[in-house]
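Peer 1: Give me coordinates for this.
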Amino acid sequence: NLNYIKTGRKVYEEDFKKTDDTVKETDGKRTFGVYGEPENEPVIDEPSPSPDVYIPNTYDQKKPDGGNVSGGYGFDMDDDISDVLEDSSAGDDEVVDLSGGEEKPFSFDVKESDESRKTDFSAPQTETPARKPDFIRPETPEEDEEEEEPENEPVKDRADDDYNPYDHMPFDFKYNAPPTSIFNVYESGENYEQLEYFKREKAMAIVDTLKALAGIDVNVVNILHGPTITRFDLDTPKDVSVKTIMKYDLDLSYRLATKSGIRLLQIPGTPYTGVEVPNDKPAVVGLRSVLESDEFKNAKRNSLTFAIGQDIVGKPVVADITKMPHLLVAGSTGTGKSVGLNALLVSLMMRYSPAELRFIIVDPKQVEFAIFKGIPHMLFDEIIFDAKKTVAMLNWAVKEMESRFNMMRLAEVRNIDEYNDQIDPRREHKMPRLVIIVDEFADLMSTEKKNIQDGIQRIAQKARAAGIYLILATQRPDAKIIEGSIKTNFTSRMAFKMSNGTDSMVVLDETGAEKLLGRGDLLYRTSSMPNVERAQGAFVDTPEIKQFVKYIIDNNKCYFNVAAQKAIDEEVNPSVETVNGKTGGSDHAVTSEYIDSLRIAVKMKVVSIALLQRKMGFGFPKAAKIFDWMVEEGYVVESQTGKQKQVVLTEEQFREKFGEL
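Peer 2: Model prediction:
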């Protein structure tokens, strides 16, 4: 690597004449030679190095006799010194021995002791400015010592209103996830002898009841014991219809003396009939047991795996949102629906960082998810409460979906996984997945049904490839609320205990949820499952969630999307001005419905109350109120006769004040 060093040549003391007191005057005679050259050679005047070349001042060269010589070089000075130094591969911390004496290989050992620095080049001291890549000495040492701010770190306390922390998240963002030890461990506390007695007693009661009431001889071929229920698989005679067994569910529940009703079902893939009997002492399935299972830890990284609970044999159950791709959750009050959603959020945050996953939460009750406010996984530091802001959020999500599709089109990829695989994470942020959770969906639909339904339908139809997913939860799964357009795109369902079989039919397309036990007992089916399966939902207590949230906030920085929050707020409360630039005098709040109605009026050049009712789907009171607002602001000429009034606001004026037409 030292091809720039040539064979040693003759060196004379006149070459080193400086103010250094250690150099002896020898009247132009040679004082030493390199590699033992003859001493009767004329003195050759060599040019000195260029002053523009930066050489650390701690580099010294020793004479063979121990004298200190400054400025001696063991290579040809006629060469371009700057080119030589730029082509060299030796750094400031490498030492090259150019002293005279016996010919030996060059040494690159870095001498650390004071004694060794007397005979070799010493490494640059800490107070010496570091050499720049162009090897030019800096004009002022202070400029070289200043630390530059990292490019990927956000600038704090910036007065710029357009500054968005979300865009300045570091490319090497490290997420500190909490340990699973932060959650509680729940023991089952079951006694083996009591469990065996329970199995034998219930199995004999089932066989005796069917024999006495229906005259059917059945055999119990399998018993599966789970945390909440125990299933008895019955082998029925071939000449007995399955419907005959199913109609004795009430009699079996009475004879088995259970606290809750039993559930009969045809076991898929087998010729057996299952009888699900509640346990005398149900066990609590802690979230920690599911998080520490192999099913959860070994899930694919590019998935969105969350914890559900345990099935009827105690095996952990997990699901992937990316394969659903949207989820509909329903359950009566106090059946564990909110706990199930909390377990879903916590399990996702345990596995994925804010750079990979973001949440938008809509909580009309304002108390269920308030505990998660301020976590770094939120897209913006706000939980939405009202219906109008929910509509604005869904409209923003549709625009975000279209923007993502445009980016993927330019990158010539088909989905979010392919897009993230082809970008360089050192120079560009990956596209995070976005999960929108809407609680009390039926309550929102009762006030803004058309707008919310349109937004959800657009997102549910094609947002999967863009990495946007919806989770809708409701207590009242009415057929008027969950219509066919929603059910078609929400093929994955999760039902807790229902009040009646009709609600179970709306959610699962079959009955059975009304016979669940509550307290986390659920039925679920994903888009890839042919049949409904039963599970006990994972339980996570409020103190556990508080401790979990505190750990995440204390150990991770938040980079919220302030621009998205401003866009949503602007749509809810737009800045409305009159044509002459003065603020309108109306005392009521102007929403997006006013702007949309005015947009239609400007397009058609005329407007009337009946036209607003027909085009916007308003009732007469709302249409009349918006029409009066247009007249009050001076957008419509009221003096004209007839129902159709002329619109005086031009398209250019509308674009200037409210955006594109």
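
Peer 1: which residues sit in contact with Leu345?
Peer 2: By C-beta atoms under 8 Å, 6 or more residues apart in numbering, the residues touching Leu345 are Phe359, Phe369, Phe372, Ile437. Bear in mind the C-beta positions are built from the backbone N, C-alpha and C, glycine included.

Peer 1: so the closest residue to Leu341 other than its chain neighbours bridges to which residues?
Peer 2: Closest residue in space to Leu341, ignoring its immediate chain neighbours: Ala473 at 6.1 Å, by C-beta to C-beta, 6 or more residues apart in numbering. Using DSSP bridges, the bridge partners assigned to Ala473 are Val329.

Peer 1: For Ala473, give its distance to Asn302.
Peer 2: Distance, Ala473 to Asn302, using C-beta to C-beta, to the nearest Å: 26 Å.

Peer 1: more neighbours, the two?
Peer 2: The neighbour comparison of Ala473 against Asn302 (other C-beta atoms under 10 Å) goes to Ala473, with 25 against 13.

Peer 1: Next, the contact list for that one, please.
Peer 2: Residues near Ala473 by C-beta under 8 Å, 6+ apart: Val329, Ala330, Lys337, Leu341, Ile437, Val438, Asp439, Glu440, Phe441.

Peer 1: Could you rerun that using 7 Å?
Peer 2: Val329, Lys337, Leu341, Val438, Asp439, Phe441 (C-beta atoms under 7 Å, 6 or more residues apart in numbering).

Peer 1: Could you identify the most distant pair in the residues you listed?
Peer 2: Spatial extent of the contacts of Ala473 (C-beta to C-beta) is set by the pair Lys337 and Val438 at 13.0 Å.

Peer 1: Helix or strand: which one has the residue nearest to Pro178 when sequence neighbours are not counted?
Peer 2: Leaving aside its sequence neighbours, Pro178 sits nearest to Tyr551 (C-beta to C-beta, 6+ apart; 4.3 Å). Per DSSP states H and E: Tyr551 is located in helix 542-555.

Peer 1: likewise Lys243?
Peer 2: Under the criterion of DSSP H and E, Lys243 resides in helix 242-246.

Peer 1: Now for the nearest residue to Ser338 once chain neighbours are set aside, how many residues are close by?
Peer 2: Sequence neighbours aside, Glu368 is the residue nearest to Ser338 in space, at 5.2 Å (criterion: C-beta to C-beta, 6+ apart). Neighbour count for Glu368, taken as other C-beta under 10 Å: 18.

Peer 1: Which helix or which strand is home to Glu368?
Peer 2: Of the helices and strands defined by DSSP H and E, none includes Glu368.

Peer 1: measure it to Leu357 for me?
Peer 2: As judged by C-beta to C-beta, Glu368 and Leu357 stand 20 Å apart.

Peer 1: for Val438, same thing?
Peer 2: Distance of Val438 to Leu357, computed by C-beta to C-beta: 17 Å.

Peer 1: Looking at this protein, which helix is longest?
Peer 2: Counting residues, the longest helix found in the chain (DSSP state H) is helix 387-411.

Peer 1: Packing partners of the next helix or strand after it?
Peer 2: For helix 387-411, the following helix or strand on the C-terminal side (DSSP H and E) is helix 416-422. Contacts defined by 3 or more C-beta pairs under 7 Å, 6 or more residues apart in numbering; DSSP states H and E place helix 416-422 against helix 387-411.

Peer 1: who does the helix it packs on touch, helix- and strand-wise?
Peer 2: Helix 387-411 makes packing contacts with helix 416-422, helix 449-462, helix 562-572 when contacts are defined by 3+ C-beta pairs under 7 Å, 6+ apart.

Peer 1: if you set the cut-off to 10 Å instead, what comes out?
Peer 2: Packing partners of helix 387-411 (3 or more C-beta pairs under 10 Å, 6 or more residues apart in numbering; DSSP states H and E): strand 357-362, helix 416-422, strand 433-438, helix 441-445, helix 449-462, strand 468-474, helix 562-572, helix 592-604.
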